[in-house]
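Q: quick one, what's the 3D model for this:
(one chain, ligands or ions: 2)
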Amino acid sequence: MQLPKYKKKKRIKLKICQEPGCGREFWGHPIAKYCPLHRDIKNRQKQKKDIENIDAKNIVFRHNYTDVMDLKFRCCLDGCDNLFEIKVFPKQFIYPRFCNEHRNDYKRANFIRLRRHKEQSEE
Ligand SMILES: [Zn+2]
Ligand SMILES: [Zn+2]
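A: Residues are numbered from 1 along each chain as shown. Ligands and ions are numbered 1, 2, ... in the order given. A predicted model of the protein is given here:
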């Protein structure tokens, strides 16, 4: 009697869909990420939220430095002129938008409130 020989051509694995909230198990390629439904990009959630988040708190600073540099940035918060030092790394282009103090959401909101208050009392 001969044992059947299995061809090892198709390497199909039981995978879990990476789409948030799906988690369906499916048989797919070892590198497959999504179930048959979510393999179609139209059925996937847009990643817009993350991009907005990056925009709100970070700046894209394009540079050609090949060494790590310490550069001074000015806080992007309206009314704050604080300079803060940032380590700039080669090939990294996303950096914080605000000074150390205003990187905190609460402190930033507080600063904006105080500034509005000041403007109103000056009028
Ligand atoms: Zn899915
Ligand atoms: Zn600031």
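
Q: can we go C-alpha only for contacts and neighbour counts from here?
A: Will do.

Q: show me where the chain dips below the pLDDT cut-off.
A: By pLDDT under 70, the weakly predicted segments of the chain are 1-10, 47-55, 123.

Q: could you point out the longest helix of it?
A: In the chain, ranked by residue count with DSSP state H as the criterion, the top helix is helix 105-122.

Q: can you tell me what sits against that one?
A: With CA atoms under 8 Å, 6 or more residues apart in numbering as the test, helix 105-122 has contacts from 77, 79, 101-102.

Q: how does this protein divide into domains?
A: 13-40, 58-122 (automatic domain parsing).

Q: which one of those domains lies closest to residue 46?
A: Judged by CA to CA, the one of the domains of the chain that comes nearest to residue 46 is domain 13-40, at 10.5 Å.

Q: if we can go back for a sec, and of the domains of the chain, who's closest to ligand 2?
A: Minimum separation from ligand 2 across these (CA to the ion) falls at domain 58-122, 4.3 Å.

Q: so is the closest one next to ligand 2?
A: Yes. Using CA under 5 Å from the ion, a contact is recorded between domain 58-122 and ligand 2, made by 75, 80, 99, 102.

Q: buried set for the longest helix of the chain?
A: The neighbour-count check on helix 105-122 (16 or more other CA atoms under 10 Å) flags 108, 111 as buried.

Q: where exactly do the helices run in this protein?
A: 48-57, 105-122.

Q: make TSV out of those helices and add distance to ligand 1.
A: Shown next, in TSV, are the helices of the chain (distance: least, CA to the ion, whole Å):
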stretch	distance to ligand 1
helix 48-57	19
helix 105-122	34
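
Q: who in this structure is up against ligand 1?
A: So the chain meets ligand 1 at 17, 22, 35, 38 (CA under 5 Å from the ion).

Q: sounds good, over and out.
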